[in-house]
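Participant: A structural model of the following input is requested.
(chains A and B)
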Amino acid sequence: MNYTPAEIEAKWQHTWSETKAYEPSNDFSRPKKYVLSMFPYPSGRIHMGHVRNYTIGDAFARYYRQQGFNVLHPIGWDSFGMPAENAAIKHGVHPKKWTYENIATMRGELAGLGLSFSEEREFATSNPEYTAFEQGFIIDMFNKGLLYRKQGFLNWCPHDLTVLANEQVVDGGCWRCGTPIVQKEMYQYYLKISDYAEELLESLKSLEGKWPKQVLTMQENWIGKSYGLEFAFKLDEESEAKVGAVYQSFDVFTTRPDTIYGVSYAALAPEHEIVRHMLSFGLLDEATAHAIKAMQRVSARERATSPKEGVALGISVIHPLTGAKVPVWVANFVLTDYGSGAVMAVPAHDDRDYEFATKYSLPIKAVIFPSEGELPVGSAYTEAGILHESAQFSGMDNTAAKAAIMDHFEEHKLGKKVINFRLKDWGISRQRYWGAPIPLIHCDTCGIVPEDKANLPVALPEDVVINGEGNPLEHHPTWKHCTCPKCGKPAIRETDTMDTFIQSSWYFLRYTVPNTYPEAFDPKALDYWMGVDHYIGGIEHAILHLLYARFFTKMLRDLGYVKSDEPFEHLLTQGMVLKDGAKMSKSKGNTVDPGELVAKYGADTARLFILFAAPPTQELEWNDSAVEGAFRFLKRFADRSQNVNAADRLPNIDHTALSKEEKTARKKVYEALKRSQEVYTERHTFNTMIAGVMEAMNALGEQNNRDVWSEGYWILLSIMEPIVPHLCWELSTNLFNRKNLGPQNVCEEVFEVDALSLGVSVNGKNRATIEVGVSESQDTIIESAKTAVEKWLEGKEIVKAIVIPGKLVNLVIKG
RNA sequence: GCGGACGUGGUGAAAUUGGUAGACACGCCAGACUUAGGAUCUGGUGCCUCACGGUGUGAAGGUUCAAGUCCUUUCGUCCGCACCA
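Facilitator: Numbers count the residues shown, from 1 in each chain, chains lettered A, B, ... in the order given. The predicted structure follows:
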């Protein structure tokens, strides 16, 4: 048969679409699989990363369909975001037009790959209905106190003129444009992800073995739970008088209460409220004030790499246990937004405190000593040890002391055990046009009031000026003027839009109904389809998207929309596609255009290559001649189908009557089938599965029994259909009326052999191979092994002979 | 600094529980058919050696009849977090 991919692929893609072959069924009594590849941002054209992502997902979806599952395999568009606005600034094209044209282009490109997506469930997150549902959730969250507004120091990108979440700051720069972030104090809205920190951490355990370990660890570290003691340092009388009696104390947090008798100073962040108070009331001398202001101007990121510096505030606090006076300093290494922005400093047992104390000649008092050996000289001792000079706790092991000291604080109401998280609330305000408006209204009388749900969506105006200066919604002449839903007086709409990560935090829930469904969800459909059985996407989403999506699922559960605790059952993180050892990118000029590849070889070749070149989780190095090789295999596969007898069923084969080559061919075919079953369900190493099919093809070529060929194609077409669907549908239709595209049984008789090949090794080194009958006795096997390796045994004594049935014989010799 | 992943031919990679290392493919070499081939088919291909044979999974030790696989130490690469008290 002549292999003409362009013709075959167009034909089948048309048929699949016409017959709605890939729409999920509404029969919820059937077993289901929800297979989802992360949806794309409509940037313009698809790239190889997309091809890999969607090919992997499609393989799962098609496999489960063959196995009789009701499969949901949707696609959509993460279509709000900055590039649309940037295009508007640069080329004057409206973000909406730009976005929807890109979607049309990319939809066509994906269709050309023969991906088995549901068409009735496709949507773009910038569609007004989607915005309406989302704004409904946001209002619920606001009413429940999960969304709040506060002023704070925020990551501000001076290039994109917007706020970024901590998760979106990469190496101190904007995750999109790389511009260094500056700190800016302003109002914005936050989602209380910190309320869910404990659960987000705890339920990571339920994902063990189903999500890559690396992702679980990254999320765990990001959430960053730590146990410790929180207590108040009281200002002494003189200091209290100095700050005008406005403050009597400040809180500190420590994970090392065992070192508390070694405290020699306390340190405040430059932004600490006491520091700010003293600055604004002129309670500090000029040099000190100047030094603190200089520290405040340095971004958090820069501080992390700057040398430690600080300045004494001229006030003191009282040590809660010893009553000693402890000087208070301002230090650039104290983080404003972790704990209370203040620490107790124990230079003898903390590296940072040590460095600082050394620089400013502050006392260093060791209170924990190693049980063996000496304290180190010239550095802090941070290991375990025995307490000294620590009142009643002296002599205790430091772990025991930690607990005892915390108990002591609690008993005497001096402080309490607390848990601190690194995870901060999620700031969701963006000063952009092309996003979902935050559905809140500012009323002079009523304060912040949510929009009436009946008025949703709060849609974007289309007539806007987008020139890169400020927020277009803010500058629109009429849009922001409205009436207060509560009191009816004139009011102002919030002009900030939501972080686009909000849209991707729940899109997978919306897919559970067709895109025309009038409500956000159908509870029955949601229960049936969730969670996503296989979620496939890039490792770059290990924290951002995957953490937010988990958070949203839990929030929507608590708001009564969803029953799931976790959205994604199994996560597969695909590796990057590289060329010349580097990630494909336009700026490096090392891209391969999927469109050209499909035009030259067809979608099946592209899909086969991308799954064969490496396991999905590994990086994939592009190789043009290996693509050629994939194409040649498909040509051969098409061509040799002429050895098959067309039929509606598997041929009956008398295995015992077959030649050795025929038997081997059958065995290879069923080995490939066995492997494919493991690969789809457990290992996901499509490369080894394809290798198995190639081996089977090679073995079939060694014989010319048409029944063996027919059986081989029946099975191999079924295995390969998820990988190279067009060719497999073409051949299966012509040869087997497609009766072969379904679950396959392994024919066990082909694995029954009458002779085994055993390796013979001497002292563990492989020396020869022998053929033995299956029922041969151990002694006989050892005898033939000895004969086979005679020359290595000469003059030696055999101490031991080990027979591993079906594998090898090892002779242990001496002398 | 902390955490994670990984190191196997010229290349991408196999080897699921310790059991014949390098399957499958790319590349390369030789041959066949061809006016021609970057098409197709056949054979070969870890390294050293004419060969017998030796040697080989980053390195060094160890456990074992047997180690790519387990343990210890070490080197290197990549990724994430990074003054989190």
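Participant: Is stretch A:408-424 positioned near RNA strand B?
Facilitator: Yes: for stretch A:408-424 and RNA strand B, the contact criterion (C-beta under 7 Å from any atom of the strand) is met by A:420, A:422. All C-beta atoms are positioned from the backbone trio N, CA, C, and that covers glycine.
Participant: Show the end-to-end separation of that stretch, please.
Facilitator: Counting by C-alpha to C-alpha, to the nearest Å, you get 30 Å between the two ends of stretch A:408-424.
Participant: Now tell me what touches that stretch from outside.
Facilitator: Stretch A:408-424 has contacts (C-beta atoms under 8 Å, 6 or more residues apart in numbering) with A:166, A:193-194, A:197-198, A:200, A:221-232, A:253, A:257, A:320-321, A:337-339, A:406.
Participant: ok, 7 Å please
Facilitator: For stretch A:408-424, the external contacting residues (C-beta atoms under 7 Å, 6 or more residues apart in numbering) are A:166, A:193-194, A:197, A:222-232, A:253, A:320, A:337-339, A:406.
Participant: residue contacts, residue A:632?
Facilitator: Counting by C-beta under 7 Å, 6+ apart, residue A:632 has no contacts.
Participant: Is the nearest residue to residue A:722 once chain neighbours are set aside part of a helix or strand, or is it coil?
Facilitator: Nearest residue to residue A:722 in three dimensions, chain neighbours excluded: residue A:62, at 3.7 Å (C-beta to C-beta, 6 or more residues apart in numbering). Secondary structure state of residue A:62, per DSSP: H, G, I helix; E, B strand; the rest coil, is helix.
Participant: Touching, residue A:62 and residue A:114? I think so.
Facilitator: No: look at residue A:62 against residue A:114 with C-beta atoms under 7 Å: they stay out of range, at 9.7 Å.
Participant: Need the overlap of contacts for the two.
Facilitator: Common contact partners of residue A:62 and residue A:114 (C-beta under 7 Å, 6+ apart): residue A:725.
Participant: Show me which residues of the stretch 201-350 of chain A sit near RNA strand B.
Facilitator: Selection of the stretch 201-350 of chain A residues close to RNA strand B by C-beta under 7 Å from any atom of the strand yields A:213-214, A:217-218, A:221-222, A:224, A:226, A:228, A:253-256, A:269, A:300, A:303-306, A:308, A:332-335, A:338-339, A:341, A:343-344, A:350.
Participant: Name the residue of the stretch 401-550 of chain A that lies nearest to RNA strand B.
Facilitator: Across the stretch 401-550 of chain A, no residue is closer to RNA strand B than residue A:422, which sits at 3.7 Å (C-beta to the nearest atom of the strand).
Participant: how deep is that residue tucked in, by neighbour count?
Facilitator: Residues contacting residue A:422 under the criterion other C-beta atoms under 10 Å number 16.
Participant: where does it land on pLDDT?
Facilitator: Note for residue A:422: predicted pLDDT of 90.
Participant: With residue A:382 instead?
Facilitator: pLDDT recorded at residue A:382 is 86.
Participant: can you give me the strands for the stretch 351-500 of chain A?
Facilitator: Counting by DSSP state E, counting those that start in this stretch, the stretch 351-500 of chain A has strands at residues A:368-369, A:386-387, A:415-421, A:426-427, A:429-430, A:440-443, A:447-450, A:481-483, A:490-493, A:497-498.
Participant: Any buried residues in the longest one, and which?
Facilitator: Meaning strand A:415-421. Going by neighbour count (16 or more other C-beta atoms under 10 Å), the buried part of strand A:415-421 is A:415, A:420, A:421.
Participant: Rebuild the residues you listed as JSON lines, extending it with distance to residue A:519.
Facilitator: Shown next, in JSON lines, are the buried residues of strand A:415-421 (distance: C-beta to C-beta, whole Å):
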{"residue": "A:415", "distance to residue A:519": "50"}
{"residue": "A:420", "distance to residue A:519": "40"}
{"residue": "A:421", "distance to residue A:519": "35"}
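Participant: Closest to residue A:98 out of the residues you listed?
Facilitator: Nearest to residue A:98 among the buried residues of strand A:415-421 is residue A:421, at 39.5 Å by C-beta to C-beta.
Participant: returning to that earlier point: how many neighbours does the residue nearest to residue A:722 have?
Facilitator: When counting by other C-beta under 10 Å, one arrives at 24 neighbours for residue A:62.
Participant: next one: the one 10 residues further on
Facilitator: Residue neighbour count, defined by other C-beta under 10 Å, stands at 27 for residue A:72.
Participant: what sits opposite it in the beta ladder?
Facilitator: residue A:34 (DSSP bridges).
Participant: got a pLDDT number for it?
Facilitator: pLDDT, read off for residue A:72, is 98.
Participant: What of residue A:389?
Facilitator: Looking at residue A:389, its pLDDT reads 93.
Participant: quick one: the residue nearest to residue A:722 from residue A:569, how far?
Facilitator: Separation of residue A:62 from residue A:569 (C-beta to C-beta, to the nearest Å): 19 Å.
Participant: and if you look at residue A:715?
Facilitator: Distance of residue A:715 to residue A:569, given as C-beta to C-beta: 29 Å.
Participant: These two: which is more packed in?
Facilitator: With neighbours defined as other C-beta under 10 Å, residue A:715 and residue A:569 compare such that residue A:715 has more, 24 against 18.
Participant: Please tell me how far the more buried one sits from residue A:732.
Facilitator: 11 Å.
Participant: can I assume residue A:733 sits in a helix?
Facilitator: Yes: under three-state DSSP, residue A:733 sits within a helix.
Participant: That one - how many residues pack around it?
Facilitator: Neighbour count for residue A:733, taken as other C-beta under 10 Å: 14.
Participant: Sort out which residues of stretch A:31-47 are buried, please.
Facilitator: Neighbour counts using 16+ other C-beta under 10 Å place A:32-42, A:46-47 of stretch A:31-47 among the buried residues.
Participant: My reading is that residue A:704 lies in a strand. Confirm?
Facilitator: No: counting by three-state DSSP, one finds residue A:704 to be coil, located in no strand.
Participant: Against RNA strand B, how distant is the closest residue to it other than its chain neighbours?
Facilitator: Spatial nearest neighbour of residue A:704, excluding adjacent residues (C-beta to C-beta, 6+ apart): residue A:643 at 7.3 Å. According to C-beta to the nearest atom of the strand, to the nearest Å, residue A:643 and RNA strand B sit 13 Å apart.
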